[in-house]
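*Asks:* my questions concern the predicted model and sequence given below.
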Amino acid sequence: MAAIAQRAEASVETVAIAAERLRAGRLVAFPTETVYGLGADATQDAAVARIFEAKQRPSFNPLICHFPSTDAVCAMFPFPEPAARLADAFWPGSLSMVLPRPAGCPISKLACAGLETVAVRVPNHAMAQSLLSDVGVPVAAPSANRSGRLSPTRAEHVMQSLSDSDVFVLDGGRCAVGVESSVVGFEADGSVSLLREGGISREDILQRTGIEVVYFDAVDEGRSPGRLTRHYQPTKPLRLNVEQPTEDELYLGFGPLPPDLSNKAMTLSERADLTEAAANLFSMLHDLETQDGSSIAVAPIPETGLGRAINDRLQRGAI
Ligand code: TXA
Ligand code: MG
């Protein structure tokens, strides 16, 4: 019989079922504040392999491992100095840190794609935290969508994308942040590099910790192998920096929509707020890709704060 995804409201009972499933080596999609994750016990090779199979993801992509608390991370990983400061400022939250893999680390090599480092994160979401503490092992989780497609910010998106996989989907409503975590790495000279723009902006990092991150084009340098140039693609072509869409285009605006527009259109944020725009990005793209129209035209988005993460997703989606 073909596998079918199952969905349940997140509650004390369904979190317990989900934890049991994870311990048994099966897949659970769960809400986090960034996007829904497709989780498996990070210490079981076979369980991690199921993630790659369900996502149809190239197996060289390393996954982020999720922990219920900073203490749980510290119990497994020694922190380079700037990591402690970042954890204090941003955990739980939408920041992932790439740390050296300590001797005897129980995390599957498959989850790290054979690298000598592991990306770790403590999500800021009550259901995710109770699931993670119940399971008692780190949970490897990429976004819960087929490789290359739009990321899921609602349980329905996961159900649409992974409907024929054996996955239990915990429905925790809509993700508040809406773009994936920012990923940082630590250099031998003590500096911190930004490997992926995400839910915590460079400006936030500087303001809260005094650390000036250096953006590392992880795609060009082959440093963060999961950073495929082409990614986050809707099923319709995207056209960027458009102020005036053509007649047969769908339109995704930023700020108030042009008054004379006859196109099917939505705005990421009426009041041009980047946080609100990030929260709406994937959800609105999911809506627009199902509508009639030749392509999706998107308004210019300012390249500051969360605007950088939004533009990163849009640019990879537009290739
Ligand atoms: O918000 C998020 O981060 C979501 C939720 C579910 O937590 N997860 C997520 O995972 O976006 P994923 O697998 O789609 O993205 C993982 C990113 C990739 O860009 C990958 O290259 C990078 O993290 N990464 C993972 N492990 C790494 C490592 N050891 N070294 C460098 N980059 C790594
Ligand atoms: Mg992803």
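*Replies:* Everything's here; your move. Numbers count the residues shown, from 1 in each chain. Ligands and ions are numbered 1, 2, ... in the order given.
*Asks:* ligand 1 contacts on the stretch 1-150 of the chain?
*Replies:* Within reach of ligand 1 by C-beta under 6 Å from any ligand atom, the stretch 1-150 of the chain has these residues: 32, 34-35, 37, 62-64, 96, 98, 112, 115, 117-119, 121, 141-143. Where C-beta positions appear, they are placed from N, C-alpha and C, glycine not excepted.
*Asks:* now with 8 Å, please.
*Replies:* For the stretch 1-150 of the chain, the contact set with ligand 1 under C-beta under 8 Å from any ligand atom comprises 32, 34-39, 61-64, 66, 94, 96, 98, 112-113, 115, 117-119, 121, 123, 141-144.
*Asks:* low-confidence bits of the chain, can you list those?
*Replies:* Within the chain, the stretches with pLDDT under 70 are 1-2, 59-60, 217-229.
*Asks:* wait, Ile4 touches Asp164, no?
*Replies:* Yes. With contact defined as C-beta atoms under 8 Å, Ile4 reaches Asp164; the gap is 6.7 Å.
*Asks:* any idea how far Glu53 lies from Leu38?
*Replies:* Distance of Glu53 to Leu38, given as C-beta to C-beta, to the nearest Å: 11 Å.
*Asks:* more neighbours: those two, which one.
*Replies:* Applying other C-beta atoms under 10 Å to Glu53 and Leu38 shows that Leu38 carries more neighbours, namely 28 against 13.
*Asks:* show me how far the longest helix seen in the chain is from its chain's centre.
*Replies:* For the chain, the helix that runs over the most residues, judged by DSSP state H, is helix 274-289. Helix 274-289 sits 14 Å away from the centroid of its parent chain (C-alpha atoms, centre = their mean, to the nearest Å).
*Asks:* for stretch 161-168, same thing?
*Replies:* Using C-alpha atoms, centre = their mean, the offset of stretch 161-168 from its chain centre is 18 Å.
*Asks:* cool, stretch 107-125 as well?
*Replies:* The chain centroid and the centroid of stretch 107-125 are separated by 14 Å under C-alpha atoms, centre = their mean.
*Asks:* related to what we said a few turns ago, show me what the next helix or strand along the chain from the longest helix of the chain is packed against.
*Replies:* Moving toward the C-terminus from helix 274-289, the next helix or strand (DSSP states H and E) is strand 296-298. Where contact means 3 or more C-beta pairs under 8 Å, 6 or more residues apart in numbering; DSSP states H and E, strand 296-298 is packed against strand 238-239, strand 250-253, helix 274-289.
*Asks:* quick one, what contacts Gly178?
*Replies:* Thr34, Val35, Thr153, Ala278, Ala279, Asn280, Leu281, Phe282, Ser283 (C-beta atoms under 8 Å, 6 or more residues apart in numbering).
*Asks:* most neighbours out of the residues you listed, which is it?
*Replies:* Thr34 leads the contacts of Gly178 on contacts (other C-beta under 10 Å) with 32 neighbours.
*Asks:* correct me, but it touches Arg196?
*Replies:* No. Here Thr34 does not reach Arg196: they are 11.3 Å apart, not a contact under C-beta under 8 Å.
*Asks:* about what we covered before: return the member of the contacts of Gly178 nearest to ligand 1.
*Replies:* Thr34 (3.3 Å; C-beta to the nearest ligand atom).
*Asks:* tell me if that closest one really is in a helix.
*Replies:* No. Thr34 is assigned coil when assessed by DSSP: H, G, I helix; E, B strand; the rest coil, not a helix.
*Asks:* ramachandran angles for it?
*Replies:* In terms of degrees, to the nearest 10, the main-chain angles of Thr34 are phi -90, psi -70.
*Asks:* in contact with it, which residues?
*Replies:* Neighbour list for Thr34: Ser94, Pro123, Cys175, Val177, Gly178, Val179, Glu180, Ser181, Gly198, Gly199 [criterion: C-beta under 8 Å, 6+ apart].
*Asks:* now it: how far from Cys65?
*Replies:* As judged by C-beta to C-beta, Thr34 and Cys65 stand 15 Å apart.
*Asks:* need the helices and strands packed on strand 296-298 in JSON lines (columns: distance to Tyr215).
*Replies:* Supplementary listing: the helices and strands packed on strand 296-298 in JSON lines, determined by distance: least, C-beta to C-beta, whole Å:
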{"stretch": "strand 238-239", "distance to Tyr215": "23"}
{"stretch": "strand 250-253", "distance to Tyr215": "25"}
{"stretch": "helix 274-289", "distance to Tyr215": "18"}
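*Asks:* which ones are touching the residue lying farthest from the centre of the chain?
*Replies:* The C-alpha centroid of the chain is most remote from Asp260, which lies 35.7 Å away (C-alpha atoms, centre = their mean). With contacts defined as C-beta under 8 Å, 6+ apart, Asp260 has no neighbours.
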